[in-house]
Each structure stands twice: as C-alpha cells, then as structure tokens.
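Asks: Next comes the sequence, and after it the predicted model I'd like to discuss.
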Amino acid sequence: MATKNTPPTAELRRRTGDLAAFAGIQEVVLKNGREEGVRALLMRNAVGLELEVLIDRAFDLGSARFRGTPFGWRSGNGFRHPGLHEADAEDGLSWLRALDGLLVTGGLDHALFGGEYDATHYAYPPKQTVRHGLHGRLTAIPARLLRVEEDWQEEGGSLRVVGEVIQATSFGEHLRLTRTIELDLFGTSVRVHDVVDNLGFEPTPHMFLYHLNIGHPYVDEGTQFVAAITRHEWASDSTSQQGVAYDVLSAPIDGFVEQVWEHALVAGPDGRHRVALHAADGARGVEVTWDAATQPFFFEWQNLRSGQYGIGLEPSSNHVTGEAAARDDGTLTWLAHGERREYDLTIRILDGDDEVRDSLTAIRALGDQPTGS
C-alpha cells in the first residue's frame, strides 16, 4: 500500500498505465496561417507547467501556461514561419513582426538597435560593411533538434530538449547556438542554458540578449516590478512624459509609447541577478534569475499599450547603447575560432502568497530599489 512518504512518480505509476497522461514532450507541426509548417515541441510537467519550444524559430519559447493560465506574452504577430521574415526590411525594424511569445533571443553577432558596421575583419573586399536590424538575425533561423529526453525518476526527474542553431554566411560570421531547455517534472521553473561558439576562423562580434516577455494575467494593473537596483542607468524619452512609473504597472493605455529602462542591479552571493513581477494582491508572480557575469546589463521594457499589453525582462551582454558604443569603448565581445560564451536563465512561477513573500525577501536581502520614476 502506498503511504504519504511514497515518491510522486511511484504514486502516479499506481494510477495510470502511461505516465504521458501527466507529463511529457510532444513534437508537433503548426498547420495554419502565418505559422504553417513551424515545428514545435510541447513540454508539460506533472504540476501544470506547459511550454512551447519553437524549433523553427531559433528554439525560442512560444506560448507558456501554468495550470491553464498563460504567463507568456502574445503580441498578435503569431509564430510566423521564418520564411516570411525579411531581416533587412523596414529600416531594420522588421524584427517587430517576429516578436511574439515568452522568449525571443537577440543575437548572435548583434543585438539592440541596428546600424551599419565595419566588416573588414572578414577579409572579403566586396563586403566592407555589414548592416544589422533590431536584435539581429537569430530569431528567424530554424534550429536542428538534437535531443528529446523524458527522465522520470522515483523522486523527481526532468524533461529536457536540446537544439542547435547555426548563423552563418560565406565570408562572414559562422556562429553556433546550442540551447538546452529543461523543466523539472514536479517543479515550477523553466531553465534555459545556452552555449555560443565561433565555428569560423575570423574574429567575430558577439552580442546576446534575452527578450523575456510576460503577459496578462501575470501582468496587470498594480503589478510590482521588484529588483535590487542601485541606480537607473538609462531611460527612454517617453518615461518622463506618460506618468507611468517603472515599479508599479498601470492598466492598458490606448496609444501608450513603449518605455525602456536600464537598471543597474545588485548580484547575489551566487553571482546571479534576480528580478520579479508580483501581482498586486500577492497571489502570483514570476521570478527570473541569470548569470550576472555574462549578462551584466538589464532592461525593463514596458509595453502597456492596449492590445499589446506586456512587460519585457531583458538580461543583456551589452549596454542599451548597443554595438556602435561597444565598438567605440572596446567593450564589444569578439570570439576567436573555437571560443565560446555560456548563458543561463531560470524562469520560476511564484504560486501563492508564501512564494511571493519569499521572493520579495530574497530580493530585498540583496538591496532596495528607487521608488517610482
């Protein structure tokens, strides 16, 4: 007879002939409209965490739910097939037509706003410069699926998928992203581990940004943005004109102009940055942590416009001023042949008052934050 100390998996095995009834990974192909032909992986664990991994969209994260409630933001663009993407269109802003879902990654050789940059390091005379659009080319590159693993253990286990994305051109960059996405079978966290390496033989610029997007109802009027902030490094012009503070969100506003903040954060003893969104009533939230050494910069993107309502939490390898400034001041990362950078991101759902309070306590142990604007 099972007892109260019986491991969760053992309890489930007694109650079903197939553990896929409770958790697992399914490979699907989206089959309608703009998404026609996009391969995806549906990951769902035994406590109600569900995640869509878009294989053909750079292994980024699409829809996300916890116990049926969405927390990943949806823009209305849909998960467009990469064949529809025009990287150089609209003066470099066509990336906005691909922006949708929980995670859209910027990189691999460029992130942030675009421009034209020296390319003579590639030693190809017809290509003296290279032009980049907003947040680079990565999001419209299909991945190669490497592994799908369902690791059921008697006292836990995990769901894990691994994909590889190659961004390359003749006489230019040849970069590889290897991404691992993992859910605990009985947990409320999503873990993303990325390795970027240079397969080419020329030194190559490298920038990397997580555009992590949280939507309603985890974002709503009164939602609090919580972090240990020493100062505001930068803010867009709109932040002084619309009367919406960075730390407490408003309801949706017709015609709202996006507000972007760069916050200087305090890292914890574990070397990680930690930020959170807490619901006004303290009943739910989302907490995000990442390696402060590889992504020391952080942006808060407030898109509170009606019909677009959401918040972007954006760890970055570079300051908001972007590639031109990084080239000028010598902070741009250049990867030699075989050189690599590693990144990791953890997204945790806060389920109930106790977890929200614990999150606030952990962040406040690192430091306070300025009030209001």
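Replies: Cool, got the structure.
Asks: From now on I want contacts and neighbour counts done on CA atoms only, so please keep to that.
Replies: Will do.
Asks: Hmm, residue 252 is touching residue 305, no?
Replies: Yes - assessed by Cα atoms under 8 Å, residue 252 is found in contact with residue 305 at 5.5 Å.
Asks: now the helices for the stretch 251-373 of the chain?
Replies: Assigned by DSSP state H, counting those that start in this stretch, the helices in the stretch 251-373 of the chain fall at 322-329, 353-364.
Asks: most neighbours per residue, which of those?
Replies: Ranked by mean neighbour count under mean count of other Cα atoms under 10 Å, the helices of the stretch 251-373 of the chain are led by helix 353-364, which reaches a mean of 17.
Asks: Show me the shaky parts of the stretch 251-373 of the chain.
Replies: 373 (pLDDT under 70).
Asks: hey, where'd the strands end up in it?
Replies: 259-265, 272-278, 284-291, 297-303, 310-316, 333-335, 340-351 (DSSP state E, counting those that start in this stretch).
Asks: cool, and the stretch 51-200 of the chain?
Replies: Using DSSP E, counting those that start in this stretch, strands in the stretch 51-200 of the chain cover 60-66, 69-70, 103-106, 115-118, 129-132, 144-153, 156-168, 174-184, 189-198.
Asks: Give me the buried positions along the fourth one.
Replies: Neighbour counts using 16 or more other Cα atoms under 10 Å place residue 115 of strand 115-118 among the buried residues.
Asks: Can you give the contact residues for that strand?
Replies: 92, 128-133, 324 (Cα atoms under 8 Å, 6 or more residues apart in numbering).
Asks: Show the buried residues in these.
Replies: 92, 132-133, 324.
Asks: For residue 247, find the nearest of the helices of the stretch 251-373 of the chain.
Replies: Of all the helices of the stretch 251-373 of the chain, helix 353-364 sits nearest to residue 247, with 13.4 Å by Cα to Cα.
Asks: ok so, going back, mean neighbour count and distance to residue 82 for the strands of the stretch 251-373 of the chain - can I get that in JSON lines?
Replies: Shown next, in JSON lines, are the strands of the stretch 251-373 of the chain (neighbours: other Cα atoms under 10 Å; distance: least, Cα to Cα, whole Å):
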{"stretch": "strand 259-265", "mean neighbour count": "21", "distance to residue 82": "27"}
{"stretch": "strand 272-278", "mean neighbour count": "24", "distance to residue 82": "31"}
{"stretch": "strand 284-291", "mean neighbour count": "22", "distance to residue 82": "28"}
{"stretch": "strand 297-303", "mean neighbour count": "22", "distance to residue 82": "24"}
{"stretch": "strand 310-316", "mean neighbour count": "24", "distance to residue 82": "22"}
{"stretch": "strand 333-335", "mean neighbour count": "19", "distance to residue 82": "27"}
{"stretch": "strand 340-351", "mean neighbour count": "18", "distance to residue 82": "24"}
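Asks: got TSV for these, with distance to residue 110 too?
Replies: Output for the strands of the stretch 251-373 of the chain, formatted as TSV (distance: least, Cα to Cα, whole Å):
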stretch	distance to residue 110
strand 259-265	18
strand 272-278	23
strand 284-291	20
strand 297-303	15
strand 310-316	11
strand 333-335	10
strand 340-351	14
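Asks: Mind checking the ones you listed for the one nearest to residue 195?
Replies: Residue 195 lies closest to strand 340-351 among the strands of the stretch 251-373 of the chain, at 4.5 Å (Cα to Cα).
Asks: Partner strands of the closest one and their direction?
Replies: Counting by DSSP bridges, the strands paired with strand 340-351 are strand 189-198 (antiparallel), strand 284-291 (antiparallel).
Asks: how near is residue 372 to residue 262?
Replies: 14 Å (Cα to Cα, to the nearest Å).
Asks: Ok, residue 206 next?
Replies: Distance from residue 206 to residue 262, by Cα to Cα: 20 Å.
Asks: list the contacts for residue 368?
Replies: Residue 368 touches 227-230, counting by Cα under 8 Å, 6+ apart.
Asks: and stretch 345-356, C-alpha only, in PDB?
Replies: Output of stretch 345-356 as PDB, limited to C-alpha atoms (Å, rounded to 0.1, in the frame of the first residue of the first chain):
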ATOM      1  CA  LEU A 345      18.300  31.800 -17.500                       C
ATOM      2  CA  THR A 346      15.800  30.500 -14.900                       C
ATOM      3  CA  ILE A 347      12.100  31.500 -15.000                       C
ATOM      4  CA  ARG A 348      10.100  30.500 -11.900                       C
ATOM      5  CA  ILE A 349       6.400  30.700 -11.400                       C
ATOM      6  CA  LEU A 350       5.500  32.000  -7.900                       C
ATOM      7  CA  ASP A 351       2.400  30.200  -6.800                       C
ATOM      8  CA  GLY A 352       0.700  31.800  -3.900                       C
ATOM      9  CA  ASP A 353       1.300  34.400  -1.100                       C
ATOM     10  CA  ASP A 354       4.100  32.500   0.600                       C
ATOM     11  CA  GLU A 355       6.200  32.100  -2.600                       C
ATOM     12  CA  VAL A 356       5.700  35.800  -3.500                       C
END
